[in-house]
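Visitor: Need a 3D model of the sequence below.
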Amino acid sequence: MIRRRLRYLVPETAFTALAGLPFAHFLSGSALATHCWGGEWRIIVAAPSETLVVRNGQIFRDGVALGSVESVSPFQMLAEMSAARRSAVGSDFADAGLPPFLSGAVGHLDYEMAQLLEPTLNLPYAAMATMAFGYYDAVAAWRMNEKGVYIFARSEESADRLEQVLGNGAQQCPVKSSEDWPTAEVVSNKSRRQHVSDIRFCIDQILAGEIFQVNLSRLLTASYEQTDMPQAVIEQLFRKWVARSASGFACLMQYENLAYLSNSPERFFSVTTAGEQLRVTAEPVKGTRARHSDPAQDSQIAKELLADEKDRAENIMIADLMRNDLSRVCQDGTIEEEKICELQTFADVHHLVSRITGLLQPGKSAVDVLAAAFPCGSITGAPKIRAMEIIADIEARQRGIYCGTIGYIDDRGTADFSVAIRTAELTRAGGSTRISYGTGGGITALSDPLQEFEETTVKAEAFRKLIDLTQCKSRKPT
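Guide: Take a look at the predicted model:
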């Protein structure tokens with residue numbers, strides 16, 4: 001393993017220099033977060049040595065079409081590529097005090113990729129689902145509260161290549177002043193009345209015995225006509241959005257004419273070493289309350305959330321679903337519920353979080369966990385398959401990255417994936433820019449439809465503030 005320490009370079013400035021480079025990603029957790037995929041590190045990757053992409057029902061390796069996803073399994077390909085790289089890693093990668101990600105795969109899966117894992121599903125727009133992973137031989141890593149920047153690499157050549165790319169970060173890209181930006185309206189794909197009606201339908205399905213719980217969402221969008229948002233501005237939005245939050249799974253992912261800005265508070269699962277074995281940890285989030293500016297009232301709100309019968313029942317139900325998913329890849333008798341309904345506090349909301357762990361069966365990997373548990377039960381419902389069918393019937397749209405997953409598989413066999421909530425998708429086409437954002441919540445038999453709608457509004461607060469950062473004001477109810 002190659003380790004270099006470079007002169008001080010602000011990570012945000014370095015990433016701005018990567019404008020226009022597809023597969024350039026910035027993983028940036030918060031030092032305030034209880035759990036964080038970067039730990040005390042912030043990580044930038046760029047210029048992958050290999051890529052694996054699913055687009056329009058076809059699978060591509062390094063840009064070469066391999067066939068349809070029905071004939072070539074992207075999950076099997078991901079597992080094989082990751083296993084081949086792991087076998088080539090030397091023992092020095094086991095050194096302590098290193099970032100959690102040194103080399104390997106970083107990427108995402110759209111929610112609709114679940115169609116490949118459960119063929120009986122009929123998800124709208126499943127043929128348009130994307131999966132994209134880049135394999136990186138070098139990373140740039142910044143330790144929080146330290147001014148050094150390190151490059152960790154598998155070879156001198158890959159270290160040289162990344163250092164050269166980062167060197168371009170010495171020139172700060174110009175950013176337009178706020179008065180140059182047009183205004184944009186934040187628009188919901190469903191009215192308050194329609195969403196409440198859909199929630200009541202879900203409750204009827206629960207009472208009829210079809211499901212126990214379901215996660216229902218709506219889509220918010222803001223469009224900037226005739227405005228091609230520069231990468232420098234996208235990075236600035238991401239930086240400001242993350243700075244005020246305690247979310248641990250923030251990232252900015254860059255593809256051609258597409259970017260994902262995620263500030264997720266939820267870990268889907270992680271894979272860590274446990275002696276000679278691998279341990280998987282899942283942390284589903286269920287139960288939300290908006291915070292209050294008054295400390296006394298905020299504390300009271302947190303206590304009420306901890307005691308709420310509906311939220312606790314929902315959290316326990318999803319924790320049980322996750323335990324069942326993990327049982328498919330974990331050793332018998334090793335699955336434990338370390339925390340149930342633990343309170344975690346973020347900038348805008350309080351959440352209830354549970355933690356389920358288990359030891360992976362010999363020969364199983366992070367890709368096996370993905371295949372067994374994707375998508376996370378916290379954003380589907382229970383039982384999972386029937387809940388997803390009902391979601392598809394009601395929402396009748398592509399969720400895309402929203403409720404999918406973002407994460408990495410390290411060449412050492414470890415991994416960390418978030419649930420892609422609090423995640424904005426930014427697309428640029430024809431000189432215009434569109435930002436979309438999903439917001440939803442879990443519905444049970446005890447749900448109050450009006451309160452459930454208000455929860456989606458609370459969760460959309462982060463998106464409204466993101467749009468405000470472009471000096472745009474919402475003119476329509478969201």
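Visitor: which SS class is Glu454?
Guide: Classification of Glu454 using DSSP: H, G, I helix; E, B strand; the rest coil returns helix.
Visitor: now do Pro375
Guide: coil.
Visitor: wait, it sits on Gly400?
Guide: No - the pair Pro375 / Gly400 is not scored as a contact, 12.0 Å apart, by CB atoms under 8 Å. (Glycine included, C-beta is placed from N, CA and C.)
Visitor: Need the overlap of contacts for those two.
Guide: Any residue near both Pro375 and Gly400 by CB atoms under 8 Å, 6 or more residues apart in numbering counts here, and that gives Tyr111.
Visitor: who's more crowded, those two?
Guide: Higher neighbour count among Pro375 and Gly400: Pro375, with 25 against 22, using other CB atoms under 10 Å.
Visitor: May I have the residues that are in contact with the more buried one?
Guide: With CB under 8 Å, 6+ apart, Pro375 has these contacts: Tyr111, Ala114, Met388, Cys403, Gly404, Thr405, Val419.
Visitor: now Glu112
Guide: By CB under 8 Å, 6+ apart, the contact list for Glu112 reads Leu123, Pro124, Tyr125, Ala126, Met128, Ala129, Gln398, Arg399, Gly400.
Visitor: Quick check on these: which are buried?
Guide: Applying 16 or more other CB atoms under 10 Å to the contacts of Glu112, the neighbour count classes Leu123, Tyr125, Ala126, Ala129, Gln398, Arg399, Gly400 as buried.
Visitor: Apart from its chain neighbours, what residue comes closest to the second one?
Guide: Looking back up the chat, that one is Tyr125. The shortest distance from Tyr125 to any non-neighbouring residue, by CB to CB, 6 or more residues apart in numbering, is to Gln398 (3.6 Å).
Visitor: List the contacts of the one you found.
Guide: Asp110, Glu112, Pro124, Tyr125, Met128, Ala129 are the contacts of Gln398 under CB under 8 Å, 6+ apart.
Visitor: sorry, back to before: columns secondary structure on top of the contacts of Glu112, output as CSV?
Guide: Formatted as CSV, the contacts of Glu112 follow (three-state DSSP):
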residue, secondary structure
Leu123, coil
Pro124, coil
Tyr125, coil
Ala126, helix
Met128, helix
Ala129, coil
Gln398, coil
Arg399, coil
Gly400, coil
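Visitor: ok, so of those residues, who is nearest Glu40?
Guide: Ranked by distance to Glu40 (CB to CB), the contacts of Glu112 are led by Gly400 at 31.5 Å.
Visitor: For the closest one, what are phi and psi?
Guide: When read as degrees, to the nearest 10, the backbone of Gly400 gives phi 70, psi -130.
Visitor: What pLDDT does the model give it?
Guide: At Gly400, the pLDDT value in this model is 97.
Visitor: Report how many residues lie close to Cys341.
Guide: Neighbourhood size, Cys341 [other CB under 10 Å]: 20.
Visitor: Go ahead and confirm it touches Asn315.
Guide: Yes - with contacts counted by CB under 8 Å, Cys341 reaches Asn315, the gap being 5.1 Å.
Visitor: which neighbours do those two share?
Guide: What both Cys341 and Asn315 touch, as defined by CB under 8 Å, 6+ apart, is the set Gly287, Leu352, Val353, Ser354.
Visitor: Redo the buried ones among the contacts of Glu112 as JSON lines? Include distance to Gln76.
Guide: As requested, the buried ones among the contacts of Glu112 are exported to JSON lines (distance: CB to CB, whole Å):
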{"residue": "Leu123", "distance to Gln76": "20"}
{"residue": "Tyr125", "distance to Gln76": "23"}
{"residue": "Ala126", "distance to Gln76": "18"}
{"residue": "Ala129", "distance to Gln76": "17"}
{"residue": "Gln398", "distance to Gln76": "24"}
{"residue": "Arg399", "distance to Gln76": "24"}
{"residue": "Gly400", "distance to Gln76": "23"}
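Visitor: Gly333: which of these is nearest?
Guide: Among the buried ones among the contacts of Glu112, and counting by CB to CB, the member closest to Gly333 is Leu123, at 34.8 Å.
Visitor: which residues does the residue nearest to Thr130 when sequence neighbours are not counted contact?
Guide: Leaving aside its chain neighbours, Thr130 sits nearest to Asp110 (5.1 Å; criterion: CB to CB, 6+ apart). Contact analysis of Asp110 by CB under 8 Å, 6+ apart lists Ala129, Thr130, Met131, Gln398, Arg399, Gly400, Ile401, Gly404.
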